[in-house]
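> Got a predicted model here, sequence first, then my questions.
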Amino acid sequence: MFKKTLSVLAVAALAVSAHAADVVLKVAASPVPHAEILNFIKPKLKAEGVDLQVREFSDYIQPNAAVEDKQLDANFFQHQPYLDSYNKDRKSSLVQVPNGKVHVEPFGAYSSKIKNIKDLKDGATVAIPNDPSNGGRALLLLQKNGVLELKDASKLTSTPLDIAKNPKKLKFKELEAPLLPRALGDVDLALINTNYAIEAKLNPTKDALFIEGADSPYTNIIAARADRANDEAIAKLTRALHGDDVKKFILDKYKGAVVPAF
C-alpha cells in the first residue's frame, strides 16, 4: 500500500512538473511567411517548455490590437516604421522586443500589363498601400527607380501629396495592403508587400519589375507590450528564431523573397 501511494504521488508530481514547464505563448502572425516560420520552430520551443500557439491574421490592425488588449502575448508581422505609425495613430505603446529583428521582405513593384518600368505610360494608375509607413515605402521605391521625386527623400511616411515631380502624371490608388494583388488587373502597376505577393503566388525575385535590396531598413520584428517584452518565453522565442536552422529554412523555402536579418 505504501509503495502504491508513493507511486501515485510520483506520477502526480511528474504531471505537475510537466504542466508547469509548458508555458503557453500566443503569437499573432501573417500566414506567409511569419506563421510558417513560427510553426517551423514550434518543436524546438516545445522542448524548452514553451507551448507556442500561432494565431493567423490577414490584416495589419488586429494583430497589434490583440496584443495591446492582452488577448495575445506578442506578434510577428510588421516592421518598425509600421509599428511606430500604429502606435502614433492608435495611441498605443507596443515595442520591439530585445533581439526582435528576424527578416526582411523586399518590397516589390508588379504589373500584369508591362514587363519593364520604362514602358509605364503617361497617366498610368499605380496602386500603393494605404497605411502611412508602407505607402511611404512604396513611394520611396518608385523614387529610387526614377519614376518620381519626393519633396523629402528622408521621410518614411510620404503620401502622393508629398510628390515633388511626377513627370508621367501618374494617378495613385491607395488600397489596403491585402487587396493589392487582386488589383493587378485593374491598375498599371502595384507596389505589394512580399507576404501578400507570395500568398498570391507571385514570385518576388522573378515577377517583380523591381524590388528592394537586402539592405532595406524595413526589418520584420517581434513586438509585444512593454511589460511583456522581457519575458523569458519571448526571449526563448527570439533565440529560436535566430538559429542557423531558421536561416536555412528561410533561404531554402523563400529563395530570396525573404531575407534573414540575423
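Perfect, I can see it now. Numbering: from 1, shown residues only.
> could I get stretch 124-141 in CSV with only the CA atoms?
What follows is stretch 124-141, C-alpha atoms only, in CSV (Å, rounded to 0.1, in the frame of the first residue of the first chain):
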residue,chain,number,x,y,z
ALA,A,124,-0.9,55.3,-65.7
THR,A,125,-2.6,54.2,-62.5
VAL,A,126,-0.4,53.0,-59.7
ALA,A,127,-1.7,51.2,-56.6
ILE,A,128,0.1,51.5,-53.3
PRO,A,129,-0.7,50.5,-49.7
ASN,A,130,-3.0,53.0,-47.8
ASP,A,131,-1.1,52.8,-44.5
PRO,A,132,1.4,55.6,-43.9
SER,A,133,4.6,53.5,-43.5
ASN,A,134,4.0,51.1,-46.4
GLY,A,135,2.6,53.8,-48.6
GLY,A,136,5.7,55.9,-48.0
ARG,A,137,7.9,52.8,-48.6
ALA,A,138,6.2,52.3,-52.0
LEU,A,139,6.9,55.9,-53.0
LEU,A,140,10.5,55.7,-51.9
LEU,A,141,11.0,52.6,-54.0
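> buried stuff in that stretch?
Neighbour-count burial for stretch 124-141, counted by 16 or more other CB atoms under 10 Å, picks out 124, 126-129, 131-141. Glycine gets a C-beta too; all of them are placed from N, C-alpha and C.
> And stretch 54-72, by the same measure?
54-55, 57, 60, 62-68, 72.
> out of the residues you listed, which are inside helices?
The helices, defined by DSSP state H, take in 62-68 from those.
> just the residues you listed now: which is nearest T238?
V67 (15.4 Å; CB to CB).
> Could you report the distance from the nearest residue to the closest one once chain neighbours are set aside to D188?
Spatially, and ignoring its direct neighbours in sequence, V67 is nearest to N75 (5.2 Å; CB to CB, 6 or more residues apart in numbering). Distance, N75 to D188, by CB to CB, to the nearest Å: 34 Å.
> which residues in the stretch 51-200 of the chain form helices?
Assigned helices in the stretch 51-200 of the chain, in chain order: 62-68, 80-90, 132-144, 194-199 (criterion: DSSP state H, counting those that start in this stretch).
> Can you redo those as JSON lines, where the extra columns are distance to N99 and mean pLDDT?
Shown next, in JSON lines, are those (distance: least, CB to CB, whole Å; pLDDT from 0 to 100):
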{"stretch": "helix 62-68", "distance to N99": "18", "mean pLDDT": "98"}
{"stretch": "helix 80-90", "distance to N99": "14", "mean pLDDT": "95"}
{"stretch": "helix 132-144", "distance to N99": "22", "mean pLDDT": "96"}
{"stretch": "helix 194-199", "distance to N99": "22", "mean pLDDT": "93"}
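> Please produce JSON lines containing these, extended by distance to P167.
Converted to JSON lines, the helices of the stretch 51-200 of the chain look like this (distance: least, CB to CB, whole Å):
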{"stretch": "helix 62-68", "distance to P167": "37"}
{"stretch": "helix 80-90", "distance to P167": "27"}
{"stretch": "helix 132-144", "distance to P167": "12"}
{"stretch": "helix 194-199", "distance to P167": "27"}
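> how about these, which one is nearest D252?
Closest among those, using CB to CB: helix 194-199, at 14.5 Å.
> Distance check, the most centrally placed residue in the chain against D188.
Geometric centre of the chain, nearest residue: F77, 3.0 Å, by CA atoms, centre = their mean. According to CB to CB, F77 stands 28 Å off from D188.
> Out of the helices of the stretch 51-200 of the chain, which gets nearest to Y110?
Of all the helices of the stretch 51-200 of the chain, helix 194-199 comes closest under CB to CB, at 6.8 Å.
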